[in-house]
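**Student:** Need a 3D model of the sequence below.
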Amino acid sequence: MWDWFNANAVWILVIASVLVLLLLLFNDRIRKYFSRGKPSAGANAFFWLVEGLAFAVMVLAFISMTASGGDGESLITTDSLRQWFLNQGIRIIIMILVGVVLWIVLRRTIPTLVTRITARPQSGESPEGLKKRADTLQGVFLGLGRIIIILLVVFMVLSELNVPIGPILAGFGIAGVAVGFGAQYLIRDLIAGVFILMENQYRVGDVAAVGGVTGLVEEVNLRKTVLRDLDGVVHHVPNGEIRIASNYSRHFSRVNLNVTVAYNTDLDRAINVINSVCQEMACDESWKSVFRTVPRVLRVDKLGDSGIDIKVVGEVKPMEQWNVMGELRLRLKRTFDKEGIEMPYPHVKVYFGNKPGAM
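**Tutor:** Sure, this is the predicted structure:
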């Protein structure tokens, strides 16, 4: 088999190179075509395997072409490959398989352990909040575990190939000292990320204001926080830059709404109408599941330039406050129109030297 491979190494190299090039250029299109627009983890793993095999064949063909003696015969023969495989190849394959098994075990055990730890009762934490925290911690721990396993397998394989690891580690140490001043920001980000996760300041799926940016938290790791705002813009905020983090969806959210009525409005009647609309909405089958407490008038909040502001507050499930306030405004406007209650627009009355009310 190896003799045939040596004899056709040129053509094998050309075919493998073209295949690798096609996979790199048209990766997404090929995956969508074969997966029929529904990519899955199994399909991704299959294409990664194909790409890896094609690249390995290309490298072997190149080695077969270049590793030849002065008489044109290849220095890599079937006997030498068999000998290398028996002496080192089996152990290297076992190391790689151990790494794969460790990764599979990690993927199966980490989610279970994290779920059990985060499932302990916490003050005011909802089931949705516990799930967000569990998902966030799982992503961080799996990322760290993947890096550790890869490094362990790589160093073990290098050691088996008689590559001295000591100089490599020493080189990393010297490089670390050389970039120490520049890496201080990275270290600051990592430390800040640890405290963010430990203190459960925000989780993936929360709406938060972080580093002056407000949006949906899409990713949290030890180095950075990724948010997407209402415009769809993705923001990457280094954890070390975060001084204040405001979570809009922790435990519960609050309806905080000002309703403005005209100065000639009977306030007692307006307050009764507002409370009635809030109670009606809280009893609606489509909305009652999101309320923790029924919104009610808290107080007359402000005597404004054009009208009187009435403060309405209530508690709802996390991230539901904006939907509830939007629906409440719609219902209040319709009811006020029916009841003849004016919701004024900004205006100014000008008097030219006459007292108000004088003819």
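**Student:** C-alpha only now, for contacts and for neighbours.
**Tutor:** Noted.
**Student:** per the record, what domains does this structure have?
**Tutor:** Following automatic domain parsing, one finds the domains of the chain at 2-124, 179-247, 253-339.
**Student:** Reformat these into CSV and put mean neighbour count, mean pLDDT and distance to residue 147 next to each item.
**Tutor:** Formatted as CSV, the domains of the chain follow (neighbours: other Cα atoms under 10 Å; pLDDT from 0 to 100; distance: least, Cα to Cα, whole Å):
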stretch, mean neighbour count, mean pLDDT, distance to residue 147
domain 2-124, 14, 68, 10
domain 179-247, 18, 84, 13
domain 253-339, 16, 92, 34
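**Student:** would a markdown table of these with distance to residue 161 be doable?
**Tutor:** Converted to a markdown table, the domains of the chain look like this (distance: least, Cα to Cα, whole Å):
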| stretch | distance to residue 161 |
| --- | --- |
| domain 2-124 | 7 |
| domain 179-247 | 30 |
| domain 253-339 | 55 |
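**Student:** Please identify which of the ones you listed is closest to residue 164.
**Tutor:** domain 2-124 (15.8 Å; Cα to Cα).
**Student:** ok, back up a step: right, and the domains of the chain - which one's nearest residue 140?
**Tutor:** Nearest of the domains of the chain to residue 140, taken as Cα to Cα: domain 179-247 at 5.6 Å.
**Student:** show me the contacts for the residue positioned nearest the centre of the chain.
**Tutor:** What sits nearest the mean C-alpha location of the chain, by Cα atoms, centre = their mean, is residue 219, with 2.3 Å. Neighbour list for residue 219: 136, 204, 225-227 [criterion: Cα atoms under 8 Å, 6 or more residues apart in numbering].
**Student:** Take those and write them to TSV, including secondary structure.
**Tutor:** Below are those laid out as TSV (DSSP: H, G, I helix; E, B strand; the rest coil):
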residue	secondary structure
136	helix
204	coil
225	strand
226	strand
227	strand
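**Student:** Now for those residues: which two are most distant?
**Tutor:** The distance between the two most remote of the contacts of residue 219 (Cα to Cα) is 13.7 Å, for 136 and 227.
**Student:** What segments of this protein are helices?
**Tutor:** Applying DSSP state H to the chain gives helices spanning 2-7, 9-25, 27-35, 41-66, 78-84, 90-118, 127-160, 165-178, 180-199, 267-283, 321-339.
**Student:** check contacts around the closest residue to the residue nearest to the centre of the chain other than its chain neighbours.
**Tutor:** Distance criterion Cα to Cα, 6 or more residues apart in numbering; nearest residue to residue 219, sequence neighbours excluded, is residue 226 at 5.0 Å. Taking Cα under 8 Å, 6+ apart, we find residue 226 in contact with 217-220, 234-237.
**Student:** hmm, try it at 10 Å
**Tutor:** 204, 210, 215-220, 234-239 (Cα atoms under 10 Å, 6 or more residues apart in numbering).
**Student:** ok, back up a step: tell me which of the contacts of residue 219 is nearest to residue 278?
**Tutor:** Using Cα to Cα, these come closest to residue 278 at residue 204, 31.3 Å.
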